[in-house]
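Colleague: Have a look; sequence and predicted model below, questions after that.
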Amino acid sequence: MKYTRTNLSDADTRREAIVEAALVAFADAGFQATPVTAVAAGAGISQAYVFKLYPTKEELFVAAVERCFTRIEAVLEASAQTVVNGTPDEILYAMGDGYAALIADRKMLMIQVHAQSASDVPAIREVLRSGLKRIVSYVKQRTGASDEAVQRFIAFGQLCHLITTADIYDLGEDWARLLARNIRHAPAL
């Protein structure tokens with residue numbers, strides 16, 4: 001039997017494994033505290049090979065943040081497709097459900113939080129801005145919602161981040177109930 005080559009080269013396959021491992025490692029400890037050795041170990045390859053494909057830790061983190069925004073857009077689209085002939089608000093509501101389920105996986109939430117906290121690094125600030133621009137533009141175009149509705153959608157997403165990272169959803173105190181009121185929340189994975 002003749003060997004059939006796949007479309008992905010070995011480097012492409014490893015690049016995928018590295019970015020997936022980077023999502024996990026950086027979500028756990030953030031940009032500054034994560035050693036590249038942790039990413040390499042998670043990907044099952046040498047640190048030298050990681051640096052061959054991603055010459056700096058900054059480039060590796062940027063790739064992880066880009067992957068996060070790619071996943072966000074995919075989840076928003078899959079959620080929007082569940083609404084047939086819906087209003088902009090109905091599509092936004094479905095997207096909100098999808099996003100709540102996505103950030104229940106804390107690595108998708110925490111990579112965004114860590115990107116925000118490291119936004120003093122120009123390349124990280126740029127990938128964060130680019131990702132936000134991508135999501136806001138996509139939501140606006142896909143839903144046809146008003147600017148105010150899109151702003152509210154993004155703002156509620158950020159509030160969901162706060163509620164989830166501070167673990168206040170089920171706290172039961174008045175101030176926590178006030179913040180979490182009308183916020184849909186998926187259980188943590």
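Modeller: Nice, I can see it.
Colleague: which SSE is the spatially most central residue of the chain in?
Modeller: What sits nearest the mean C-alpha location of the chain, by CA atoms, centre = their mean, is residue 68, with 3.3 Å. Residue 68 belongs to helix 57-80 when assigned by DSSP states H and E.
Colleague: helices or strands next to that helix in the packing?
Modeller: Under the contact definition 3 or more CB pairs under 8 Å, 6 or more residues apart in numbering; DSSP states H and E, helix 57-80 sits against helix 10-33, helix 36-43, helix 88-104, helix 106-117, helix 122-143. All C-beta spots, glycine's among them, are computed from the backbone N, C-alpha and C.
Colleague: need the next SSE after the second one, C-terminal direction.
Modeller: I take that to be helix 36-43. helix 47-53.
Colleague: what does that next one rub up against?
Modeller: 11, 14-15, 18, 36-37, 39-40, 43, 60 (CB atoms under 8 Å, 6 or more residues apart in numbering).
Colleague: re the thing from before, with respect to residue 172, which of the helices and strands packed on helix 57-80 lies nearest?
Modeller: For the helices and strands packed on helix 57-80, the distance to residue 172 is smallest for helix 88-104, at 19.8 Å, taking CB to CB.
Colleague: Please work out the angle formed by the directions of that closest one and helix 122-143.
Modeller: Going by axes from the mean of the first three to the mean of the last three CA atoms, to 10 degrees, helix 88-104 is angled at 140 degrees with respect to helix 122-143.
Colleague: what residues does helix 88-104 touch?
Modeller: Outside helix 88-104, the residues touching it (CB under 8 Å, 6+ apart) are 71-72, 75-76, 78-80, 82-83, 86, 108-109, 139, 142-146, 149-150, 153, 156-157, 160-161, 164, 184-189.
Colleague: Can you lay out the contacts of helix 47-53 as a markdown table showing pLDDT and neighbour count?
Modeller: Below are these laid out as a markdown table (pLDDT from 0 to 100; neighbours: other CB atoms under 10 Å):
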| residue | pLDDT | neighbour count |
| --- | --- | --- |
| 11 | 77 | 12 |
| 14 | 88 | 18 |
| 15 | 90 | 17 |
| 18 | 95 | 25 |
| 36 | 95 | 19 |
| 37 | 95 | 12 |
| 39 | 96 | 27 |
| 40 | 95 | 20 |
| 43 | 93 | 23 |
| 60 | 97 | 24 |
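Colleague: which two from the residues you listed end up farthest apart in space?
Modeller: The span of those, defined through CB to CB, is set by 11 and 37 at 19.9 Å.
Colleague: Test my guess that residue 24 contacts residue 42.
Modeller: Yes. Assessed by CB atoms under 8 Å, residue 24 is found in contact with residue 42 at 5.7 Å.
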